[in-house]
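S.K.: Model the structure of this input:
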Amino acid sequence: MFSDVQWEAIAELLPSRTGRLGRPFADARSIVEGVPQMFGSGQTIWTWHRRLAGGGTWYRVLERPLTAAPTPPE
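M.R.: Model (predicted):
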């Protein structure tokens, strides 16, 4: 689970509600964290993971805290 500070650092990189027809997702945080009581099956989480991995979003999400981390002293 993400802390609120960690979530704020990556939230803008994730998809948001588009207003398109169809079943709307709850919110990106609950899907990324994979909160099981929010979903009957793991299909929503799996679909999001596949879409975010294929589009390079997970790479950008993981890259963000690494580029913000302080450089260790030499």
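
S.K.: who touches the worst-scoring helix or strand of the chain on mean pLDDT?
M.R.: Ranked by mean pLDDT, DSSP states H and E, the weakest helix or strand in the chain is helix 28-33, scoring a mean of 79. Residues outside helix 28-33 that contact it (C-beta atoms under 8 Å, 6 or more residues apart in numbering): 1-2, 7, 11, 14-16, 25, 38, 44-45, 48. To be clear about C-beta, it is placed using only N, CA and C from the backbone, and glycine gets the same treatment.

S.K.: and those residues, which are buried?
M.R.: 11, 14, 25, 44-45, 48 (16 or more other C-beta atoms under 10 Å).

S.K.: if we can go back for a sec, and which of the contacts of helix 28-33 is nearest Arg60?
M.R.: Within the contacts of helix 28-33, proximity to Arg60 (C-beta to C-beta) peaks at Leu14, which comes in at 9.6 Å.
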